[in-house]
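**Q** would you be able to build a 3D model of this:
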Amino acid sequence: MAVDKDMPILIVDDYKTMLRIIRNLLKQLGFNNVDEASDGEAALRKIQEKKFGLVISDWNMEPMTGLQLLKKVRSDPKTAKMPFIMVTAESKTENVVAAKKAGVNNYIVKPFNAATLKGKMTAVIGDF
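**A** Take a look at the predicted model:
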């Protein structure tokens, strides 16, 4: 089954530049229905209001980290199956393990390009 390129995607990052970069990469890949949040708490509110086909979240944010956001998403039966990709500047093994334990679908280390994002997204949501 082909991925619906109109599906809503939520990107979460506390750096406006990173939000813009990810939005542009998604646009290059043909996804234009992109919503954004600048922290985990704002993202959680949006996730509770709207069904997203994918969440792409930064790890390192205040006051709620990407890992805390992921745990909250996974603990709610309504959002537990929502595809979730974590973005981080650090590829520390313990971070990858913690994210996997919390139920992350995939992991991207910054910096990355459209090809890397497409590969990670394909692994999570299928071919597009």
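**Q** my read is that Ser91 contacts Val109, right?
**A** Yes. Shown here, Ser91 and Val109 form a contact pair, counting by Cβ atoms under 8 Å, at 4.6 Å. Any C-beta I mention is one placed from the backbone N, CA and C, and that applies to glycine too.
**Q** and stretch 73-85, end to end?
**A** Start-to-end span of stretch 73-85 (Cα to Cα, to the nearest Å) is 12 Å.
**Q** nope, stretch 75-84 is what I meant
**A** Using Cα to Cα, one end of stretch 75-84 lies 13 Å from the other.
**Q** what's near enough to touch Val87?
**A** Val87 makes contact with 13, 18, 22, 56-59, 66, 108-110, 112, according to Cβ atoms under 8 Å, 6 or more residues apart in numbering.
**Q** which parts of stretch 54-65 are buried?
**A** Buried residues in stretch 54-65, counted by 16 or more other Cβ atoms under 10 Å: 54-59, 61, 64-65.
**Q** got the phi and psi for Val109?
**A** phi -100, psi 130 (degrees, to the nearest 10).
**Q** who's in contact with it?
**A** Contacts for Val109 (Cβ under 8 Å, 6+ apart) come out as 87-91.
**Q** partners of it in the sheet?
**A** In this structure, Val109 bridges to Thr88 when assessed by DSSP bridges.
**Q** can you map out the helices along this protein?
**A** Counting by DSSP state H, the chain has these helices, from start to end: 16-28, 40-49, 66-75, 93-102, 114-125.
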